[in-house]
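**Student:** take this sequence and fold it.
(one chain, ligands or ions: 2)
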Amino acid sequence: MMVVGLTGGIGSGKTTVAGFFKEKGIPVYIADDAGKRLLETSAEIREKVTALIGKEAYSGKTPNRKHIASVVFNESDKLEALNGIIHPAVAKDFETWKSKQNSVYVIYEAAILFEAGGYKKCDINILVTADKEEKIKRLQQRDNSSLEEIEARMAKQWSDERKKKLADFEIENHDLALTKSRVDELNEIILKRGKN
Ligand SMILES: CC(C)(COP(=O)(O)OP(=O)(O)OC[C@H]1O[C@@H](n2cnc3c(N)ncnc32)[C@H](O)[C@@H]1O)[C@@H](O)C(=O)NCCC(=O)NCCS
Ligand SMILES: Nc1ncnc2c1ncn2[C@@H]1O[C@H](COP(=O)(O)OP(=O)(O)OP(=O)(O)O)[C@@H](O)[C@H]1O
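**Tutor:** Ligands and ions are numbered 1, 2, ... in the order given. Predicted coordinates for the structure are as follows:
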């Protein structure tokens, strides 16, 4: 079974694109969601994250994601350490999930697929792009995020130019109808590759 990595900068629309693949019957794994789930359910992760960030990282067993984000997106060492706690657990969870799927290919959607090196384990990598202003507008509408919070995360991610060099395909996500037809087109290409 082929693994197709799907990534894009914050607010690019990668989850929206993943949804279009899902509508076509393709199994989709969302690493951001798995990371959040494991942050909440794994006692081992809770212990490590509390040791890294402090007691304020959790209220009981519930992670204070806003607080964790405010620490790690302003302190690179702590972000690296948090990645080191979450990423191996997500990789393991993905392998378990993948072994239960029955499809020519699955989508592995991850925010920092290139930055964290996960793209090397994928057979094909797709990059979703949008203009910076467009991404900021979408995030402000979706999350009520401040410009400062959005820019702190953007600063920790590679530029689209750098990511394009490693991507096999790009989806420019401006007009949703065009994005959807690009997904149809890529799905056909990937299915053909899977048969060869
Ligand atoms: C810091 C945390 C608690 C913030 O949670 P929050 O709900 O605010 O954000 P969420 O997880 O939905 O991510 C939203 C976006 O932030 C950006 N982002 C998240 N983690 C990272 C990271 N490690 N590096 C750069 N950008 C990141 C991405 O663009 C992502 O799509 C959470 O993102 C986290 O645990 N991150 C570290 C682990 C990680 O890399 N997760 C993502 C893939 S497994
Ligand atoms: N082409 C588009 N036109 C208008 N709005 C869009 C478009 N694509 C996505 N959106 C909206 O922009 C917001 C961000 O999209 P989405 O959640 O898919 O991005 P993401 O890259 O997964 O975000 P994050 O990096 O935060 O995980 C959502 O509210 C979504 O509905």
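**Student:** contacts and neighbour counts: CA atoms only from here.
**Tutor:** Will do.
**Student:** the nearest residue to Ile124 once chain neighbours are set aside is in what secondary structure piece?
**Tutor:** Counting by Cα to Cα, 6 or more residues apart in numbering, Val4 is the residue found nearest to Ile124 once chain neighbours are left out, at 4.9 Å. Counting by DSSP states H and E, the element that carries Val4 is strand 2-8.
**Student:** that strand close to ligand 1?
**Tutor:** No. Using Cα under 6 Å from any ligand atom as the criterion, no contacts between strand 2-8 and ligand 1 are found, and the smallest distance is 7.5 Å.
**Student:** any idea of the mean pLDDT in the helix or strand just after that strand?
**Tutor:** Using DSSP H and E, the helix or strand that follows strand 2-8 towards the C-terminus is helix 14-23. In this model, helix 14-23 has an average pLDDT of 98.
**Student:** CA atoms only: put helix 14-23 into PDB for me.
**Tutor:** Coordinates of the C-alpha atoms in helix 14-23 are reproduced here as PDB (Å, rounded to 0.1, in the frame of the first residue of the first chain):
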ATOM      1  CA  LYS A  14      -4.400  20.800   4.000                       C
ATOM      2  CA  THR A  15      -7.300  19.400   6.100                       C
ATOM      3  CA  THR A  16      -9.800  20.700   3.600                       C
ATOM      4  CA  VAL A  17      -7.800  19.000   0.800                       C
ATOM      5  CA  ALA A  18      -7.600  15.800   2.900                       C
ATOM      6  CA  GLY A  19     -11.400  15.900   3.200                       C
ATOM      7  CA  PHE A  20     -11.600  15.900  -0.600                       C
ATOM      8  CA  PHE A  21      -9.500  12.700  -0.800                       C
ATOM      9  CA  LYS A  22     -11.700  11.200   1.900                       C
ATOM     10  CA  GLU A  23     -14.800  11.900  -0.100                       C
END
